[in-house]
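J.: Pasting the sequence and the predicted coordinates here, then a few questions.
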Amino acid sequence: MLFCKNKVSPLQRRFVTLFGVTLLATALLFMLNVYFREGRLGSSLHSSSQTLSHIFSMLPVIPFLGMMLLIPRYLGQEKDEFVRTLVLRALLFGFAVPMVIDTVIGFLWGPAPLAYAMPMMNVDLFCVTALFVLAYQVRRYQ
């Protein structure tokens, strides 16, 4: 898609833009959540601290769910079956890598040593893996 010598359709361009925006929103809301949990924002809000903590914990989920809903929408609108297959294969690898890493960490260390960072690391691993697999496949079939 992105590496096809500027042969990117408007649908693909819109999908990549929306996907990037939702990834950025997820990362920013996750950083705000970590900032709040460390007590920098929560120290002055004693009575409602617990409620706000739960609200801030849920905020990064919203753009991530939007990102996950963009994928079937894109796959349904993509007319080229070959491109659809490449994207689907890249997404499957993207989901597989964080699952394998989480499983290995779970067996080796029990509860994750970086419990707060693991969700965002999984999102990053998914996106980076899918991008690299897609780039590899496009290059392989050229």
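T.: Yep, that arrived. Just so it is clear, the model here is predicted, and its values are computed rather than measured.

J.: Show me what the helix or strand harbouring G66 is packed up against.
T.: Here G66 sits within helix 61-77, counting by DSSP states H and E. In terms of contact count using 3 or more Cβ pairs under 8 Å, 6 or more residues apart in numbering; DSSP states H and E, helix 61-77 is assigned the packing partners helix 10-37, helix 81-109. Any C-beta I mention is one placed from the backbone N, CA and C, and that applies to glycine too.

J.: could you check the angle helix 10-37 makes with it?
T.: 170 degrees (axes from the mean of the first three to the mean of the last three Cα atoms, to 10 degrees).

J.: then helix 61-77 to PDB, C-alphas only?
T.: Only the C-alpha atoms of helix 61-77 are listed here, as PDB (Å, rounded to 0.1, in the frame of the first residue of the first chain):
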ATOM      1  CA  VAL A  61      -9.600   2.100  24.700                       C
ATOM      2  CA  ILE A  62     -11.900   4.300  22.700                       C
ATOM      3  CA  PRO A  63      -9.500   5.300  19.800                       C
ATOM      4  CA  PHE A  64      -8.100   1.800  19.800                       C
ATOM      5  CA  LEU A  65     -11.500   0.300  19.300                       C
ATOM      6  CA  GLY A  66     -12.000   2.800  16.500                       C
ATOM      7  CA  MET A  67      -8.700   1.600  15.000                       C
ATOM      8  CA  MET A  68     -10.000  -2.000  15.100                       C
ATOM      9  CA  LEU A  69     -13.300  -1.000  13.500                       C
ATOM     10  CA  LEU A  70     -11.400   0.700  10.700                       C
ATOM     11  CA  ILE A  71      -9.800  -2.600   9.600                       C
ATOM     12  CA  PRO A  72     -13.000  -4.500   8.500                       C
ATOM     13  CA  ARG A  73     -14.300  -1.300   7.000                       C
ATOM     14  CA  TYR A  74     -11.200  -0.900   4.900                       C
ATOM     15  CA  LEU A  75     -11.200  -4.600   3.900                       C
ATOM     16  CA  GLY A  76     -14.900  -4.300   2.900                       C
ATOM     17  CA  GLN A  77     -14.200  -1.300   0.700                       C
END
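
J.: Kind regards, and thank you for your time.
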